[in-house]
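Undergrad: Next one to model:
(2 chains)
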Amino acid sequence: MLKGYYSFFTHQTWTPSVNLYETGRCYLVCVDLAGVDKQKIDIEVVGQQLIIKGMRTVPVAVPESEGECGRPRMHVMEIDHGPFAREVEMPQNVESEKINARYVDGMLWIELPKKP
Amino acid sequence: MAEFQIIERTENTTKLRAVGSGQEMVIPNKVPILPVRNVVVFPGMFLPLELGKEMLDEVMSGDKVLGIVSQKNPEAAKPAAADLYSIGSVCVVHKLLRRREASQSIVVGLVRFKLLSLEKTEPYMVGQIELLQETVVPGVELEALAASVRQQSQRLIELSPGVPEEAAEALSNATTPSALADFLAAILPPGQLAEKQRLLEELDVEKRLRALSALLAAQLDVVELQNRINDQVKENIDKSQRRYYLQEQMKAIKKALGDGESGGDASEVVSLRTKLQAAKLPEPVMKEAERELERLETIPNASPEYGVIRTYLQILAELPWETQTIDKIDLTEARAILDRDHHDLNKVKRRIIEYLAVRKLKPDGGGAILCFVGPPGVGKTSLGKSIAEAMGRKFIRVALGGVRDEADIRGHRRTYIGSMPGRIIAELRKAGTRNPVMMLDEIDKIGSDFRGDPASAILEVLDPAQNHTFTDHYLDVPFDLSRVLFIATANTMDTVPGPLRDRMEVIEIPGYTNSDKLSIAQKYLVPRQLDANGLKTDQARYNEAALKWIIDGYTREAGVRALERAIGSVARAIAADIVGGKTQRELVTKEMVTKVLGPRRFDPELAARTSVPGVATGMAYTPVGGEILFIEATRMPGKGQITLTGQIGEVMKESATAAYSLIRSRAQELGIKPELLANSDFHIHVPAGAVPKDGPSAGVAMFTALASLLLNRPVRHDVAMTGEITLRGLVLPIGGLKEKTLAAKRAGIRQVIVPKRNEKDMPDIPQEVRDTLKFHFAENIDQVLKLALLPLDPKRNGAMKRSGAAGRGATAHRPAHER
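TA: I've put the predicted structure just below:
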């Protein structure tokens, strides 16, 4: 059925990679989300699922040196762009109200306290 | 998948909003146009492309947007506007990858457009476009349709082999009916390009879905059928593969078994083939055998035919096709062997030596087939053995006595159950050579009935012109019998059919005279019996008188079998004595013989029997040798009838009638009163009443008896006569003269009257017989009467008859009154 000219069919949205940590008190999720406007990230917790959504535009090339004119030509465009979405499953229930997130060095850190 | 809605159109751009995410996009109305071949790009479809450098630069430095349309004709190299479909998809470059100095872009379709005009074609096309809006009528119908289509596609994914997992995932991501439709339209098997284009151009989502549903259904059918066929093929392949595999296993097992002991078919066939080749079969026979071997290879072990064929081939392999012994004929040695085993029989021995000499000079010659004829116990079979020994050949004996079934000679065809080859072939197989001495014993006793005529089969066997291709029914292939030396034996040639008699050279082995028997006993029988009974020569000695006593009193035969048995009985008695410790050695005397064997069984006295008129002594020839007979005639008042008794056969009865008629016709000349004849009944009796007799040679004796009766002149007691009688009174020659005269001598006769025409047979008569018997040769019955009858005794005229025995002596009684 799918044989032919196109051999892949991916989602429209791309998926960032995550790390999941656990301490005695809470879970820590680190999302690889460089170059994203913090405002444009949606975080939601449904039950044991953490859902992260957002949008990343193609990075704009701004050369440091002055005097460059015209739009830069692109030769390679590998970096995922466009809407993204990711779901992470927590081993236990968490307090959905007490989540907080920090955006440090292109990584989005989300802290989710465990439900007692 | 995003479903876009056009929210604003301006002169240069069109604004879109994604239905799900609300994301907005702005698309220029003038975009680079890329023609593609053999593919239709749908919204939501990802496609790797290689863009030309210039176009790529333009696209990447701008909004990364381009319009893709399909070529109508894939063959065209540089299409113009007319070669392109007017509706295509606006696409955006999603990724740009660099692979080995070539750039590959991944574009994704966004929304349909219509190509209004081409503004530029070099170095790449640029066109004016108008974005197209789909028509969607949301509702239950659409939902249901979408659901049904989704179901169909899921099923199709299940059934189709080799579909990547992403397909199912992507299917679930196509949430809106439009996206679903476009997804399916993109990935359904490359059908006609035109058909796909139609789907692209269909703006009504519902219609699009319906069309897709039909396509899916068709595709499902195809795939289902394919799967069914595949399953069937697989099953078939499996079945035949299984079969093949199992057969290969079987072969391997058989081979493994065959390497061991007997068991596997293959090994048996191989061993048979080796045997057959070793047997050196002639060409046509080998072909037949090869054919049978092939059959053996194909039919299963358990079938009954297998056993039949195997037996047949085994027999074929064991026949002596080429094996033969080499004749080593040394005449002196041969003579020595013959003398060693047989007493006298000089004529026979000479003939045998001549035969061997001819064989030596001409080894391949057919040679005559000898037939030894004689009474039982004279040594016919042992002569054959001696011949075989003298030639250095193997000796086989085939007893033909009582054979009635032709199949005994020729075998049964293999189609019959329990079929076997005939005697000839079977014996040859046992002998192991193709040139043995084959003795056909008792060839005169072959019967013949509805089962066939074995004698005729023997004809073929014996005929040198035919027997080199003797075909036994069982073998079905010719076998060369021409090297076999056949010797036959018989007791009499009378029952041997003419053609068979013709083929053989008859050698008569007569009986033995008493003195012969004495010598044989002394030289051969006594040593043999002593040895057989475990005695040494010094432990038992038979003196001559004792042996004569045995010969005379306890045997009445032409051969020596009974004699040997009697000697053996005596030897056993001695052995018992010796073992019992009663004695160490014994001298066998007459008294001892009487003690061991009982009273004498046979008395040679006879003269007494002819002391009254009406009795004549004849000589008969039986298969067990010669015998003397008494012919008794008696007279009683009557009308001229004649009665014949004594178990006499037809021929003898006729000769009695002839004798009677002769008497009546000669009555006048002989001096017999006619009234005597007319008023008398006659009775001729030939004792012993239990023994059957036949033959014409007693005619003379019958006549003499009647004449003696009527003339009242007894026959001389020491005279015996033989001869056939005719109505003219002539005496005709007879056969078996030697046996008859021997018998006469044994019985104590001193004179014999023999037909004149038998005079030529005199040299056959043993010397001692010729010396002791006086021979008279008669041509007519007058001579016979003159020789046989005692002169008329005056004292006897009108004599009363007295019953027989008066002891030895011619006249014992004198009647009271004399005539």
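
Undergrad: Please spell out the segments of the stretch 451-600 of chain B that come in under the pLDDT threshold.
TA: For the stretch 451-600 of chain B, the stretches with pLDDT under 70 are B:451-452.

Undergrad: mind running it again at 90?
TA: B:451-473, B:475-486, B:490-531, B:533-564, B:566-567, B:570-600 (pLDDT under 90).

Undergrad: Let me know how buried B:Arg112 is, in neighbour terms.
TA: Residues near B:Arg112, counting by other C-beta atoms under 10 Å in any protein chain shown, number 24. Backbone N, C-alpha and C define where each C-beta goes, glycine included.

Undergrad: Same check on B:Gly534?
TA: B:Gly534: 12 neighbours (other C-beta under 10 Å).

Undergrad: just the one 4 residues further on next, same as before
TA: By other C-beta under 10 Å, 9 other residues sit near B:Asp538.

Undergrad: Moving along the chain from the strand ranked longest in chain B, name the first helix or strand you hit.
TA: Secondary structure of chain B per DSSP state E: the longest strand is strand B:102-120. Counting by DSSP states H and E, the next helix or strand C-terminal to strand B:102-120 is strand B:125-131.

Undergrad: and the angle for the longest strand of chain B with strand B:125-131?
TA: Orientation of strand B:102-120 against strand B:125-131 (axes from the mean of the first three to the mean of the last three C-alpha atoms, to 10 degrees) gives an angle of 80 degrees.

Undergrad: Neighbouring strands - and their directions - for strand B:102-120?
TA: Strand B:102-120 has these partner strands in its sheet, going by DSSP bridges: strand B:46-49 (antiparallel), strand B:87-99 (antiparallel), strand B:125-131 (antiparallel).

Undergrad: Can you list the buried residues in the longest one?
TA: Residues of strand B:87-99 classed as buried by neighbour count (16 or more other C-beta atoms under 10 Å in any protein chain shown): B:Ile87, B:Gly88, B:Ser89, B:Val90, B:Cys91, B:Val92, B:Val93, B:His94, B:Lys95, B:Leu96.

Undergrad: coming back round to it: do you know which of the strands paired with strand B:102-120 lies nearest B:Ser680?
TA: strand B:46-49 (150.7 Å; C-beta to C-beta).

Undergrad: ok, and for the closest one, which residues are buried?
TA: Within strand B:46-49, the residues that count as buried by 16+ other C-beta under 10 Å are B:Phe46, B:Leu47, B:Leu49.

Undergrad: With distance to B:Met391 and pLDDT added, can I get those residues in a markdown table?
TA: Putting the buried residues of strand B:46-49 into a markdown table (distance: C-beta to C-beta, whole Å; pLDDT from 0 to 100) gives the following:
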| residue | distance to B:Met391 | pLDDT |
| --- | --- | --- |
| B:Phe46 | 109 | 85 |
| B:Leu47 | 108 | 85 |
| B:Leu49 | 109 | 87 |
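
Undergrad: So which residues of chain A form strands?
TA: Counting by DSSP E, the strands of chain A are A:18-22, A:26-32, A:41-46, A:49-56, A:82-89, A:100-104, A:107-113.

Undergrad: What pLDDT is listed against residue 67?
TA: Since you didn't name a chain, this refers to chain A. A:Gly67 is assigned a pLDDT of 65 by the prediction.

Undergrad: Hmm, no, I was thinking of chain B.
TA: Per-residue pLDDT puts B:Gly67 at 92.

Undergrad: looking at it, it is touching B:Ile87, isn't it?
TA: No: in this structure, B:Gly67 is not within contact of B:Ile87 by C-beta atoms under 8 Å, at 10.1 Å.

Undergrad: mind checking how far the closest residue in space to B:Tyr542 that isn't next to it in sequence is from B:Arg541?
TA: Among residues not flanking B:Tyr542 along the chain, B:Val588 sits closest, at 4.4 Å (C-beta to C-beta, 6 or more residues apart in numbering or on different chains). B:Val588 sits 7 Å away from B:Arg541, taking C-beta to C-beta, to the nearest Å as the criterion.
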